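J.: got a sequence here, can you build the structure:
(one chain, ligands or ions: 1)
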Amino acid sequence: MIKVKVPASSANMGAGFDTLGVALALYNRLEIEETDGGIEIETRNFNGRILQNENNLIYKSMCVVFDAAGYRRRGIRIVQKSDIPMTRGLGSSSACIIGGMLAANVICGRRLSYGEILNLAAKEEGHPDNVAPALYGGFCVSMTDGDITYTKSIKLNSKLKFAVMIPDFYVATKKSRGILPNKVSRADAVFNISRASMFQAALSSGDLDMLKYAARDRLHQPYRKKYIDGMDEIFERTYELGSRATYLSGSGPTIMSLIDRNYRGFQSGMKEFFESGSHKWTCKILSVDNVGTVVSEI
Ligand code: HSE
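T.: Numbers count the residues shown, from 1 in each chain. Predicted coordinates for the structure are as follows:
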């Protein structure tokens, strides 16, 4: 049997649309084995709706690797235990894609390299900013050139925590990408290039004072905030409570704050703030995952 543990991920990180992402210590755990035939899929401790057939994302991702490796597939049994909420902007689909692909690669004798898996996964997902940290861990800067995705993963200091604020509603990534304009002005492009670059430099050097300004964005958050009641007020409150950078995680609706002190004070302050709102929000404090996906054979 193959066991795979894939971290959640938070993409964009403000100005780094489809480019920046970080792996978080919240996991999708899979147990996968080959059988004589058919597809068996079991989900444990999970509330979302999971397809139990050949359209299941984990299974489909396994088939992408089998086909790329020229491996004749047999039956598959998948058991999934995931703590990553679906359609909330925490990389649940990337965790399924990476988990399925790495398990399939073990089954077919590790014919593909991690670089090849990353290329296939980024293509499946449509952007690399979640699959890269799910695979490699840490804070990842990614780019795609033609068919090839390149990623640099930078390990982060574990004192930096991620306050993950998750509401009781969801926004599908397709809908949330659909409202973005196809063209942007040069001023907005420069606004984001400079901030995404500064965000990367600030996180790598540990100069956290810069992060607040570097996390500002003009490419996606201004359009997506119409799906998130009170987003501006939530951002403002996080900064009052000590956030170093607050941004919409992936396509939302989860909101993320980077904090480096008084974690519990931040959490209880946000809890109190959310009590007066019309939606129920939870606030969890998570650490970075600097390891990425772990695969073991038993
Ligand atoms: N970069 C992607 C987006 C992440 O913002 O649409 C989706 O999770």
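J.: when you work out contacts or count neighbours from here on, use the C-alpha atoms and nothing else.
T.: Fine.
J.: show me how far stretch 221-236 is from its chain's centre.
T.: Centroid separation for stretch 221-236 versus its chain: 19 Å, with Cα atoms, centre = their mean, to the nearest Å.
J.: nope, stretch 279-292 is what I meant
T.: 11 Å.
J.: neighbouring contacts of that stretch?
T.: Outside stretch 279-292, the residues that touch it by Cα atoms under 8 Å, 6 or more residues apart in numbering are 6-7, 22-26, 133-139, 155-156, 158-168, 263, 267, 270-271, 274.
J.: quick one: buried residues of that stretch?
T.: Buried positions in stretch 279-292, judged by neighbour count with 16 or more other Cα atoms under 10 Å: 281-283, 285-292.
J.: ok so, going back, pull out the buried members of the contacts of stretch 279-292.
T.: Taking 16+ other Cα under 10 Å as the criterion, what is buried in the contacts of stretch 279-292 is 6-7, 22-26, 133-139, 155-156, 160-167, 263, 267, 270-271, 274.
J.: does any part of the host helix or strand of Lys174 sit near the ligand?
T.: For Lys174, the host element (DSSP states H and E) is helix 173-178. Yes. Contact between helix 173-178 and the ligand is present through 173, 177 (criterion: Cα under 6 Å from any ligand atom).
J.: report the distance from stretch 203-211 to the chain centre.
T.: Worked out by Cα atoms, centre = their mean, stretch 203-211 lies 21 Å from the chain centre.
J.: only the buried residues of it, if you could.
T.: 203, 208, 210-211.
J.: over to stretch 234-241?
T.: For stretch 234-241, a neighbour-count test (16+ other Cα under 10 Å) marks 234-235, 238-239, 241 as buried.
J.: so what's the residue in the stretch 101-250 of the chain that the ligand sits nearest to up against?
T.: Per Cα to the nearest ligand atom, Gly250 is where the stretch 101-250 of the chain lies closest to the ligand, at 3.8 Å. Contact analysis of Gly250 by Cα under 8 Å, 6+ apart lists 10-13, 89-91.
J.: now tabulate those in CSV and tack on neighbour count, pLDDT and secondary structure.
T.: Converted to CSV, the contacts of Gly250 look like this (neighbours: other Cα atoms under 10 Å; pLDDT from 0 to 100; DSSP: H, G, I helix; E, B strand; the rest coil):
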residue, neighbour count, pLDDT, secondary structure
Ser10, 30, 98, strand
Ala11, 31, 98, strand
Asn12, 25, 98, coil
Met13, 30, 98, coil
Gly89, 28, 90, coil
Leu90, 31, 95, coil
Gly91, 30, 95, coil
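J.: among the residues you listed, which two are most distant?
T.: For these, with distances taken as Cα to Cα, the pair at the greatest spread is Met13 and Gly91 (12.9 Å).
J.: what's the following helix or strand after the lengthiest strand in the chain?
T.: Longest strand of the chain, by residue count under DSSP state E: strand 20-35. Going down the chain from strand 20-35, the next helix or strand is strand 39-44, by DSSP H and E.
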